[in-house]
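Q: kindly generate the corresponding structure for this input.
(one chain, ligands or ions: 1)
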Amino acid sequence: MAYEDKRPAQSAPQRPFIIPVFLPQAGCPHRCAFCNQPTISGNIRPNEDPARLSRQVDHFLKFRRPKRGTTQLAFFGGNFLGMAPKRVSRHLDWAVAFVRQGAVDSLRFSTRPDTIAPETLALIREYPVGTIELGVQSMNDQVLSRSRRGHTAMDTIQAVSQLKMEGYEIGLQIMTGLPGDSPAGAIATTNAVAALAPAFVRIYPTLVLAGSPLAADHAAGRYLPPKLAESIDLVARMWLMFTAAGIRVVRMGLQDSPCLADRRHLLAGPYHPAFGEQVLSRVFRSMAEVGLEHLRPSAASRLALRVNPRRLSVMTGPRRGNLVRLREAYHLDRLRIMADPTLPLNQLEVDNL
Ligand code: SF4
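A: Numbers count the residues shown, from 1 in each chain. Alright, predicted model coming up:
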């Protein structure tokens, strides 16, 4: 056995069905260096008309499978608690109607760590908010400053502590490849974020988006993004660290969108439409390498890598790349990848055939 995530496959909490409402850059005090929300969210036009938003929610609800777990209505794309209190209440009042009807179980939103304060927490306390995501990005103050975030790592630590006292489920979003950051810096951020014990994290490699302040730095040669392969290796290490700490990694890389596939919008950076799959593929190859090192197989060895059926494609790798690489590296004539539904999702076993 090369690597084991102790949680049984069935025990991983079922992901909620999330109905997103995008409020691009709503409540933002300024624009962070890497940000261009209209591009990130697929150029969705800002729309706060309640009737129109309600029609969107009704449309989304049609896609919910009958046995799906909880349903959440989520405000994404901006700094939710940075909006004026009246605007926050207006959105929550609109959303709470779906909870009262029984169509939605709870609400969630993303916000900056420096918006978490006694007044904002008091404002939302009476609403059925279940999950709050914080845009942490880094736990290094120099990196935060060069990324024009306008908050510090201490803001994040204090925000998480206040949210925990209020009993919210907490998600933390972090980034790799930020200006002034390094792989070692990202690993330090991973350690610091894991120590805060959020329920889940999202990891986004920095991309150079047209119209963002970073685009000007890139054009002037002041910012060079990391390569895709380096970013995949780094995020794979981070995934292993979070998973070992029992923290779910719910997203790696930005959601694919026509905007991101368009070089007029995405100028540079480690973008891949299936970035998360690429990372998991790297993780499972590393796990197989550890197992094979341990076994020290000979060319005559007939071996099988057994994984949960949901991990077959990432174990095999894009264009069967993992299988080919492992066979070559360990001079194996026979190496098969087999599905074993009894295995936990993130476990791999190396066996003789
Ligand atoms: S990164 Fe977040 S806080 Fe910064 S400008 Fe974009 S939406 Fe606003």
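Q: return the distance of R65 relative to P258.
A: 26 Å (Cβ to Cβ, to the nearest Å). Where C-beta positions appear, they are placed from N, C-alpha and C, glycine not excepted.
Q: contacting residues for the residue nearest in space to the middle of the chain?
A: Here the mean C-alpha position of the chain is nearest to the C-alpha of R202 (Cα atoms, centre = their mean), at a distance of 2.1 Å. Residues near R202 by Cβ atoms under 8 Å, 6 or more residues apart in numbering: 133, 171-174, 249-252.
Q: do the same with A199
A: 131, 169-171, 247-248.
Q: go on, R15?
A: With Cβ under 8 Å, 6+ apart, R15 has these contacts: 69, 250.
Q: report pLDDT for it.
A: Per-residue pLDDT puts R15 at 83.
Q: same check on D333?
A: Model confidence at D333 (pLDDT) stands at 85.
Q: and stretch 240-250, what's buried?
A: Residues of stretch 240-250 classed as buried: 240-243, 247-249 (neighbour count, 16 or more other Cβ atoms under 10 Å).
Q: quick one: distance of it to the chain centre.
A: 11 Å (Cα atoms, centre = their mean, to the nearest Å).
Q: ok, back up a step: inside strands: which ones of the contacts of A199?
A: Of those, the ones assigned to strands by DSSP state E are 131, 169-171, 248.
Q: nearest to Q142 among the buried residues of stretch 240-250?
A: M241 (21.8 Å; Cβ to Cβ).
Q: so who does that closest one touch?
A: 187, 190-191, 194.
Q: drop anything exposed from these.
A: 190, 194.
Q: narrow the contacts of M241 to those in helices?
A: 187, 190-191, 194 (DSSP state H).
Q: so Q278 sits against G321, correct?
A: No. With contact defined as Cβ atoms under 8 Å, Q278 and G321 do not form a contacting pair (10.1 Å).
Q: around the ligand, pick out the residues from this structure.
A: 25, 28, 31-32, 35, 37, 78-79, 112, 135 (Cβ under 6 Å from any ligand atom).
Q: hmm, back to that, which one of Q278 and G321 has more residues nearby?
A: Q278 (23 against 12; other Cβ atoms under 10 Å).
Q: mind checking the SS state of the more buried one?
A: Three-state assignment for Q278 (DSSP: H, G, I helix; E, B strand; the rest coil): helix.
Q: distance-wise, check it relative to the ligand.
A: Distance from Q278 to the ligand, counting by Cβ to the nearest ligand atom, to the nearest Å: 24 Å.
Q: that residue - nearest residue in space that isn't next to it in sequence?
A: I232 (5.1 Å; Cβ to Cβ, 6 or more residues apart in numbering).
Q: swap in Y168?
A: Using Cβ to Cβ, 6+ apart, the nearest residue to Y168 is I132, at 4.8 Å.
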